[in-house]
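Asks: Predicted coordinates and the sequence they were generated for:
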Amino acid sequence: MRSTFIAAALLLSLSQQAQAQEAINVYGVVDLAVTSDSNSGKTMAAVDSGQQTASRFGIKGSENLGDGLVARFVLESQIEADRGVPSFAGTLFGSQAWVSLAGPLGSVTIGRIFTPYFGAIATNDPFDAKGPGESTRVFYDSGVRMNNTVKYSLPPTLRGFYGDVAYGAGEVAGNARANRQLSMDLGYARGPLNVQLAYHSTYDAFGSNPARSYLVGGNYNFGPVRGWAVVARSRNDTTLDTEDTLFGISMPLGLDTVAADYVHKKDKFYSDADATQLALAYYHTLSKRTNLYLIGSRLANDANAGYQAALPGGTRRIVAAGIRHQF
């Protein structure tokens, strides 16, 4: 209780400072839905947070230092809005916490960040890698975030080319490779096209058996319809060898948008351990900051797989009807 009070006081103090300084902004998302969740034959009705976008509260700011240099920071807390608690127990700013220095040659960011590899998945997922339709319910996602990270990003002046290289120190005394992560992406976005390559490796707690993931993804706006695709391969030296694929579409219809995807995991090490997900969504815009949504998905596992399911071979069906407000 005491820690919750201290966290609330800190957020209030930061909010008041943000209002007093033009270069600092308070922002966030509150996303709540009523869901019907059928998991391996057992159905439950619930109110759930973050079925379209993770609910969060953040503070960000920047300062122009002159000579083309800009300092920036983000402190962001992900929230389970149905219960009003942080998504990451004991971590106030568990979503993101970083500071960066950007200039004509690119930017350097230090702190807790989203991995470039996960960013490549989300960029090419019509569900933005969140909610009942997200690809990472099946994909091997490398862990989403990196602690103790130094990241270099290319400058946004390269005629559509962009890229990042991030190193996450494991910080284990006497073993420089233990828990170490390396993540990178390289892409091209111009006009209706985005195409992207990504790589991620993570060593285990003993500094061995690295899990390595490779990805190629892209999306293209054909006019009335945008197409999405991702193909990824993940392996280690023992039991991990999977291939993940996503194919999706999205279509704006005035104030409405519909989206759908097909996600499949092929396990090349274990037999009869594949999984397939189908998802469909409808979004209705009420204003620049508020929308309603209806999302449904069905994830079916082979007999030796249990992705998102309570039992091996289980099937999980989720329908979520919700509202998202951004501020």
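Replies: Alright, I've got the coordinates.
Asks: who touches stretch 318-325?
Replies: 29-38, 48, 51-53, 131-132, 289-297 (C-beta atoms under 8 Å, 6 or more residues apart in numbering). In this view, the C-beta of every residue, glycine as well, is placed from N, C-alpha and C.
Asks: Oops, could you answer that again for stretch 169-182 instead?
Replies: 115, 142-143, 146, 148-150, 165-168, 199-208.
Asks: Counting neighbours, show which residues of that stretch come out buried.
Replies: Within stretch 169-182, the residues scored as buried using 16 or more other C-beta atoms under 10 Å are 170, 178-182.
Asks: Can you give me the pLDDT of A7?
Replies: Note for A7: predicted pLDDT of 52.
Asks: same deal with A23?
Replies: In this prediction A23 is given a pLDDT of 82.
Asks: Excluding sequence neighbours, find me the nearest residue to V195.
Replies: G218 (4.0 Å; C-beta to C-beta, 6 or more residues apart in numbering).
Asks: okay, the most far-flung residue of the chain relative to its centre: pLDDT?
Replies: In the chain, the residue that sits farthest from the middle, by C-alpha atoms, centre = their mean, is D67; the gap is 33.5 Å. D67 carries a pLDDT value of 94.
Asks: One more: the one 3 residues further on?
Replies: We have a pLDDT of 97 for V70.
Asks: got it, and the one 10 residues further on?
Replies: Reading off the per-residue confidence, E80 sits at a pLDDT of 97.
Asks: who's it bridged to?
Replies: V85 (DSSP bridges).
Asks: Give the burial count for it, as a bare number.
Replies: Other residues lying near E80 total 16 when counted by other C-beta atoms under 10 Å.
Asks: circling back to that earlier point, the residue nearest to V195 touches A189, doesn't it?
Replies: No: using C-beta atoms under 8 Å, G218 makes no contact with A189, being 9.5 Å away.
Asks: Now for these two: what residues contact both?
Replies: Shared contacts of G218 and A189 (C-beta under 8 Å, 6+ apart): V195.
Asks: Please spell out which residues along stretch 193-213 are buried.
Replies: In stretch 193-213, counting by 16+ other C-beta under 10 Å, buried: 194-204, 207, 210-213.
Asks: C-alpha coordinates for that stretch, CSV please?
Replies: Extracted C-alpha coordinates of stretch 193-213, given in CSV (Å, rounded to 0.1, in the frame of the first residue of the first chain):
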residue,chain,number,x,y,z
LEU,A,193,5.5,0.2,-49.1
ASN,A,194,7.2,-0.9,-46.0
VAL,A,195,9.6,-3.9,-46.0
GLN,A,196,11.8,-4.9,-43.1
LEU,A,197,14.5,-7.4,-42.0
ALA,A,198,15.1,-8.2,-38.3
TYR,A,199,17.4,-10.3,-36.1
HIS,A,200,17.4,-11.1,-32.4
SER,A,201,19.6,-13.3,-30.2
THR,A,202,19.3,-14.0,-26.4
TYR,A,203,21.8,-16.0,-24.3
ASP,A,204,20.5,-18.0,-21.3
ALA,A,205,21.4,-17.3,-17.7
PHE,A,206,24.6,-19.4,-18.1
GLY,A,207,25.8,-17.5,-21.2
SER,A,208,25.2,-20.4,-23.6
ASN,A,209,22.6,-21.8,-25.9
PRO,A,210,21.6,-18.6,-27.6
ALA,A,211,18.1,-18.4,-29.1
ARG,A,212,18.3,-16.8,-32.6
SER,A,213,15.4,-15.3,-34.5
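Asks: And P224, which helix or strand is it part of?
Replies: Assigned by DSSP states H and E, P224 falls within no helix or strand.
Asks: which ones are touching it?
Replies: Shown in contact with P224 (C-beta under 8 Å, 6+ apart): M251.
Asks: still on that earlier bit, out of the buried residues of stretch 169-182, which sit inside strands?
Replies: Counted as lying in strands by DSSP state E, out of the buried residues of stretch 169-182, are 181-182.
Asks: farthest-separated two in the buried residues of stretch 169-182?
Replies: Greatest spacing in these, by C-beta to C-beta: A178 and L182 (13.7 Å).
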